[in-house]
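Peer 1: Here you go, sequence then predicted model.
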Amino acid sequence: MSLRNLLRLVLAVGVCGTAGPVWAYDPSPNIGTDITACDQVLFSTFTPPPFSVEKNNVTVAPKSDFSFLASKATTSASITVKIKEEKVPITVTPVGYGFQVKGKLPPSIKGSYIRLDIFAKGPSDCDKTDGWLLKVGN
């Protein structure tokens, strides 16, 4: 084997030996955890139940109570509820499986469909939103 071929072989092995670990290097091993962590922020048990023509064609009164549950992964201080871009006063109470959130519909909302929009933060300050539709009577 000539010296030239030997140098090519050493160079090829050297390049492959250093390029392999570079390709395997993951500069941010936790890149997917924020999305996965925010999936742990869940809202459930909406009361009154969401309006649906097929399943729940119910009209609620103005000033009605509403409530829902937020999972433990939710940052309780970050939970806000808005109706038509206006913040609604709520109380957040820790329960064994997360947080019980309660509030009242504003008296000014009458005879319309509304969406209660829920905003909260989860682990690593990820944003989570949800909500439900209600039909409010006069």
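Peer 2: Sure, I can see it.
Peer 1: For the protein, just list every one of the strands.
Peer 2: Here the chain has its strands, by DSSP state E, at 43-47, 59-60, 65-71, 75-83, 86-88, 90-95, 98-104, 112-121, 127-136.
Peer 1: what pLDDT does residue 26 get?
Peer 2: The model reports residue 26 with a pLDDT of 47.
Peer 1: circling back: looking at the strands of the chain, which is nearest to residue 12?
Peer 2: Residue 12 lies closest to strand 127-136 among those, at 49.3 Å (CB to CB). For glycine as for every other residue, the C-beta is placed from the backbone atoms N, C-alpha and C.
Peer 1: who does that closest one pair up with?
Peer 2: If you go by DSSP bridges, strand 127-136 pairs up with strand 59-60 (parallel), strand 112-121 (antiparallel).
Peer 1: Nearest to residue 75, out of those strands?
Peer 2: Comparing the strands paired with strand 127-136 under CB to CB, the one sitting nearest is strand 112-121, at 4.5 Å.
Peer 1: Can you give the contact residues for the closest one?
Peer 2: Outside strand 112-121, the residues that touch it by CB atoms under 8 Å, 6 or more residues apart in numbering are 41, 43, 51, 66, 68, 70, 74-75, 78-84, 88, 101, 105, 127-136.
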